[in-house]
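Asks: how would this look folded up:
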Amino acid sequence: MERRLTAIFAADVVGYSRLMGLDEVGTLAALKAHRREMADGRIAEHHGRIVKLTGDGMLVEFPSVVNAVACAAEIQRAMRERNAGVPAESRIEFRIGIHLGDIIVEDNDIYGDGVNVAARIESIARPGGVAVSGSVRDNVGNRLDLAFEDAGEQVLKNIDRPVRVYHVDLFAGIGQPRSSTVSVELEAEPAAGEKPSIAVLPFNNMSGDPEQEYFADGITEDIITDLSKISGLFVIGRNNVFTYKGRVVKLQQVAAELGVRYLLEGSVRKAAQRVRVTGQLIDGKSGGHVWADRYDRDLTDIFAIQDEITHTIVDQLKVRLLPEEKQAIRQAPTENVEAYTYYLRGREFVHRGSKSYYLLARRMFAKAIELDPLYARAYAGIADCDSFLFLHYDVKVSLEAILANSARALDIDPSLGEAHASRGLALSVGERYQEAEAEYEKAIARNPNLFEAHYFYARTCQAQGKFEKAAEHFARAAELNPTDYQSMLLLVQIYRSLALRDKELWAAREGLERAKRVLEKHPENPRPAYMGANALVVLGDRERAREWAARALAIDPDDILTRYNIACVRCLLGDFDEAFALLEDLLPHANHETKAWVRYDSDFATLHGLPRWQKVLELAR
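Replies: Numbers count the residues shown, from 1 in each chain. The predicted structure is shown next:
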């Protein structure tokens with residue numbers, strides 16, 4: 001019996017049983033042809049030894065990890081080319097898994113833990129893809145022109161320890177031309193009158209630098225925005241697809257969960273003044289590739305790349321573009337790529353949603369404007385940051401400046417939905433509610449899936465006591481962004497005001513789960529803590545509500561919004577004296593919106609009959 005360390009390559013056919021059921025003879029013939037004409041020669045060239053063949057797969061060992069990965073990449077790229085003219089339902093696609101591990105050799109066969117791990121990694125590889133273990137990734141290093149997407153530690157069946165797994169970017173492979181396109185005919189046309197539906201999954205950051213994550217996310221968001229401008233497409237919004245970020249997922253399952261026929265996935269690698277973007281259009285029903293391409297360009301071409309991807313999708317899905325839509329997706333947000341990168345970083349900070357990040361985001365947007373004084377989105381971004389700082393954190397900002405920045409964004413680009421939403425929020429900050437609502441309507445007309453438009457609209461309605469309309473828009477915002485806890489937890493108050501007890505409990509449960517996830521990720525932010533405390537009271541968990549409230553106060557005891565929400569929690573717990581003390585202390589320093597919320601907030605209903613409530617109302621005027 002011999003033991004040795006080797007690279008183990010395991011492969012099998014995706015959906016083999018289904019293929020055999022459709023055409024047993026044809027499937028076997030095609031599989032043998034692929035092995036004979038394409039796989040066997042490449043394995044030999046890379047000094048691999050085929051240990052055994054199974055009905056739909058093979059086990060191969062390589063003395064070199066680099067050779068094993070290079071061979072796998074070549075085989076999968078060759079299979080994509082061979083499948084280009086094959087109907088999706090008849091296409092043979094391999095999964096390949098590679099591990100570097102200890103094996104036992106006996107009678108020319110191999111056994112042991114290394115073989116088992118390779119087989120399990122193969123089972124979670126993507127159709128048509130290659131997955132490798134951390135030991136393989138570490139040994140390959142930079143010796144191949146390949147990029148690796150970290151899928152994290154995976155719990156594999158019958159393996160007693162988690163294994164870190166990486167997916168290989170096949171478009172960065174050996175011998176690939178600078179731009180390689182694969183395209184196949186679609187399986188079926190949409191039914192008459194039915195729009196093709198698509199979701200753009202978060203593009204993977206292949207730069208090897210986590211700090212570049214914002215750039216890959218920005219590319220994703222901008223492609224979603226461009227596709228959303230096309231009336232002939234149904235496009236899933238940004239916030240829904242970003243729930244899949246960083247997760248290892250089965251594409252057909254994702255398509256089913258999102259209710260779409262097609263998925264666009266890709267990767268971005270940014271280094272100095274060069275950028276490599278890959279894109280793959282997947283048929284969510286069959287799991288097959290409809291189109292794939294790679295773009296190696298100067299960074300200054302990033303807008304052209306986005307435009308090409310959008311137009312290619314339109315062409316592949318046979319969607320007719322209206323003249324105004326052609327113009328809308330052709331229009332670059334800025335000519336200055338450096339300004340664009342500052343804007344993307346600022347947008348990423350805004351999504352994190354705390355005082356320090358709003359301040360950081362504002363600086364990024366200001367730098368973008370310094371580089372391009374006609375950057376409409378950056379003006380809207382500054383207006384939003386200042387509005388959030390005023391409303392959420394009582395930062396003394398100029399209302400005139402907020403209105404001016406939002407107006408400037410619209411002057412530059414009157415068609416920009418984000419600018420109309422920002423203008424509406426700015427007007428609401430200035431208590432010009434009727435004008436604000438008109439701007440929200442314009443924003444929603446331009447982009448019905450714009451989370452900010454619905455969220456801002458709902459806040460403005462709540463400040464006026466328009467509970468039915470507030471409920472409508474908070475619910476829509478919560479639907480558009482499944483990670484947002486604020487919309488859901490603000491719905492708790494709205495449903496209580498509307499005497500909708502079942503919905504109140506549902507919103508509390510769902511909102512609490514969302515808040516817990518955000519608090520784990522950003523423990524420095526008191527907002528999920530105090531809003532979650534309110535939900536805990538509603539759900540009857542009074543002790544945990546007190547713990548969460550105390551945590552929020554410990555994080556930021558001087559923040560007016562924190563104290564306001566703790567007053568809500570105290571009132572719901574029956575601690576009326578503590579609630580009154582907090583309100584009487586904060587209201588002399590509160591802004592008009594906070595005062596309006598005190599007047600309409602159902603959390604304070606039990607205080608209304610008490611003598612000290614009149615003093616609170618006087619302070620809230």
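Asks: rest of the way, CA atoms for contacts and neighbours
Replies: Will do.
Asks: okay, residue 181: pLDDT?
Replies: The model reports residue 181 with a pLDDT of 48.
Asks: with just CA atoms, put stretch 239-253 into CSV.
Replies: Provided in CSV are the C-alpha atoms of stretch 239-253 (Å, rounded to 0.1, in the frame of the first residue of the first chain):
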residue,chain,number,x,y,z
ASN,A,239,-32.0,45.0,-3.2
ASN,A,240,-33.6,41.7,-4.0
VAL,A,241,-30.6,40.3,-6.0
PHE,A,242,-28.1,41.6,-3.4
THR,A,243,-29.5,39.1,-0.9
TYR,A,244,-27.5,36.5,-2.9
LYS,A,245,-24.2,38.3,-2.6
GLY,A,246,-21.5,36.1,-1.2
ARG,A,247,-23.6,33.0,-1.2
VAL,A,248,-23.0,29.8,-3.1
VAL,A,249,-26.3,29.3,-4.9
LYS,A,250,-27.8,27.0,-7.6
LEU,A,251,-28.7,29.3,-10.5
GLN,A,252,-31.9,27.4,-11.4
GLN,A,253,-33.0,27.7,-7.8
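Asks: and that stretch, which residues are buried?
Replies: Neighbour counts using 16 or more other Cα atoms under 10 Å place 239, 240, 241, 242, 248, 251, 252 of stretch 239-253 among the buried residues.
Asks: closest to residue 379 among those residues?
Replies: residue 239 (22.2 Å; Cα to Cα).
Asks: quick one: that closest one and residue 477 touch, right?
Replies: No. The pair residue 239 / residue 477 is not scored as a contact, 9.8 Å apart, by Cα atoms under 8 Å.
Asks: what sits in contact with each of the two?
Replies: Here residue 239 and residue 477 share the contacting residues residue 451, scored by Cα atoms under 8 Å, 6 or more residues apart in numbering.
Asks: who's residue 291 bridged to?
Replies: Beta-bridge partners recorded for residue 291 (DSSP bridges): residue 183, residue 281.
Asks: gap between it and residue 155?
Replies: 32 Å (Cα to Cα, to the nearest Å).
Asks: higher neighbour count, these two?
Replies: residue 291 (21 against 14; other Cα atoms under 10 Å).
Asks: for stretch 584-593, which positions count as buried?
Replies: Neighbour-count burial for stretch 584-593 flags 584, 586, 587, 590, 591, 592, 593 (criterion: 16+ other Cα under 10 Å).
Asks: typo on my end, stretch 120-138
Replies: Of the residues in stretch 120-138, those buried (16+ other Cα under 10 Å) are 120-137.
Asks: what comes up buried for the strand or helix carrying residue 400?
Replies: Residue 400 belongs to helix 399-412 when assigned by DSSP states H and E. Across helix 399-412, burial judged by 16+ other Cα under 10 Å covers 399, 402, 403, 404, 405, 406, 407, 408, 409, 410, 412.
Asks: tabulate the CA atom coordinates of it in PDB.
Replies: Below are the C-alpha coordinates for helix 399-412, written out as PDB (Å, rounded to 0.1, in the frame of the first residue of the first chain):
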ATOM      1  CA  LEU A 399     -31.900  73.100   4.700                       C
ATOM      2  CA  GLU A 400     -31.200  75.600   1.900                       C
ATOM      3  CA  ALA A 401     -28.100  73.600   0.900                       C
ATOM      4  CA  ILE A 402     -30.100  70.300   0.900                       C
ATOM      5  CA  LEU A 403     -32.700  71.900  -1.400                       C
ATOM      6  CA  ALA A 404     -30.100  73.500  -3.600                       C
ATOM      7  CA  ASN A 405     -28.200  70.200  -4.100                       C
ATOM      8  CA  SER A 406     -31.300  68.200  -5.000                       C
ATOM      9  CA  ALA A 407     -32.400  71.000  -7.400                       C
ATOM     10  CA  ARG A 408     -29.000  71.000  -9.000                       C
ATOM     11  CA  ALA A 409     -29.200  67.200  -9.600                       C
ATOM     12  CA  LEU A 410     -32.500  67.700 -11.400                       C
ATOM     13  CA  ASP A 411     -31.200  70.700 -13.400                       C
ATOM     14  CA  ILE A 412     -28.500  68.500 -14.800                       C
END
